[in-house]
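Enquirer: sequence first, then the predicted structure:
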Amino acid sequence: MESLNGRVALVTGGGAGLGGAICECLGEAGVTVVVADVRNDLAQNVAKRIEQAGGRAVPLELDVGNEEQDRQAVARIADQFGRLDILVNNAGVDVTVSIEELAVADWDRIVRTNLTGPFMLSKFALPVMRGQGGGQIVNVVSTAAKRAWANAAAYHASKWGLLGFTYALHVEGRKDKVKVTAVIAGGMRTGFLLDRFPDIDQDTLQDPRNVAEVIRTVLVQPAETVVPEVMVLPMRETSWP
């Protein structure tokens, strides 16, 4: 297994939920973590917890749907640390309404955050990773890329698209020693679900830390091995075969 100590990672949506768990997990492994979130206060809180635990982290206010912010973020990291070893595209949004009720502006925002954002950050990170001899990109997808339910049309479209984009990126990245992985996560006990569905049975969900640990396992695979896709489900997932 490879060591993560001394590597540099950019984690989007890192201020809470799964993103926060990923940041803390990588921080414990010796990674310098750039905690990126559209809410700078949340990013600062996670970065502070990592540093208090003895790790290295810096907060970064970032709207992943903004092309110029993405470009500047990657350039700033490469300039400050001299490298970017890991990119975790985790930021995601959703609006729980029917197709008829879904505003075009909300469709655009969801797709831009969940799909266009990972594309732009990967596009800007690839040359940096190529120049340093390799790197790893992890796209946090969802079981929403494998099945469908009502009132989540834009979310499904973005996550199915993200899964397809991940495989395309996997093919293109291999020649430059850039590993690309889709992490398909089932329901987790995070605000993303609990804030919208307060009556959900939390026993059917999983701790986001469990998914973060799987991501760390993917990242420490030997240089000759890549994991293109991995699915992480709660044992009591109710709507999965």
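Expert: Received it, and whenever you're ready, just let me know what you need.

Enquirer: list the buried ones in the helix or strand hosting Gln72?
Expert: According to DSSP states H and E, Gln72 maps onto helix 67-81. Neighbour-count burial for helix 67-81 flags 67, 69-70, 73-74, 77-78 (criterion: 16 or more other CB atoms under 10 Å). The way it works is simple: take the backbone N, C-alpha and C, and place the C-beta from them, glycine included.

Enquirer: do the same with stretch 148-156
Expert: Neighbour counts using 16+ other CB under 10 Å place 152-156 of stretch 148-156 among the buried residues.

Enquirer: one more: stretch 177-193?
Expert: 178-190, 192-193.

Enquirer: now Asn114: how far from Ala145?
Expert: 10 Å (CB to CB, to the nearest Å).

Enquirer: what residues are shared contacts of these two?
Expert: 159, 162 (CB atoms under 8 Å, 6 or more residues apart in numbering).

Enquirer: more neighbours: which of the two?
Expert: Higher neighbour count among Asn114 and Ala145: Asn114, with 28 against 23, using other CB atoms under 10 Å.

Enquirer: tell me where the model's unsure across this structure.
Expert: Applying pLDDT under 70 to the chain picks out residues 191, 238-241.

Enquirer: what ranges do the strands span in the protein?
Expert: With DSSP state E, the ranges of strands along the chain come out as 8-11, 32-37, 56-61, 86-89, 135-140, 178-185, 229-232.

Enquirer: let me see the contact set for the closest residue to Ala78 other than its chain neighbours.
Expert: Once flanking residues are discounted, Ala78 sits nearest to Val128: 4.9 Å by CB to CB, 6 or more residues apart in numbering. Shown in contact with Val128 (CB under 8 Å, 6+ apart): 74, 78, 83-84, 135.

Enquirer: out of those residues, who's nearest Ala103?
Expert: Val74 (30.8 Å; CB to CB).

Enquirer: which residues of this structure fall in helices?
Expert: Per DSSP state H, the chain carries helices over the ranges 17-28, 40-52, 67-81, 104-111, 117-132, 153-173, 191-194, 208-219.

Enquirer: elements contacting the longest one?
Expert: Which is helix 153-173. helix 104-111, helix 117-132, strand 135-140, strand 178-185, strand 229-232 (3 or more CB pairs under 8 Å, 6 or more residues apart in numbering; DSSP states H and E).

Enquirer: next, the buried residues of the longest one.
Expert: Translated: helix 117-132. 117-122, 124-126, 128-129.

Enquirer: where's the residue of the chain most remote from its centre relative to Trp149, distance?
Expert: Distance from the C-alpha centroid of the chain peaks at Glu100, with 29.2 Å (CA atoms, centre = their mean). Taking CB to CB as the measure, Glu100 falls 16 Å from Trp149.

Enquirer: most centrally placed residue in this protein?
Expert: Asn90 (2.0 Å).

Enquirer: what's near enough to touch that one?
Expert: Counting by CB under 8 Å, 6+ apart, Asn90 has contacts 11-14, 18-19, 22, 140.

Enquirer: let me know the closest of the residues you listed to Val227.
Expert: Of all the contacts of Asn90, Val227 sits closest to Val140, with 13.8 Å by CB to CB.

Enquirer: right, and the closest one touches Gly117 too?
Expert: No - counting by CB atoms under 8 Å, Val140 sits too far from Gly117 to count as a contact (11.6 Å).

Enquirer: what is in contact with the two at once?
Expert: Asn89.
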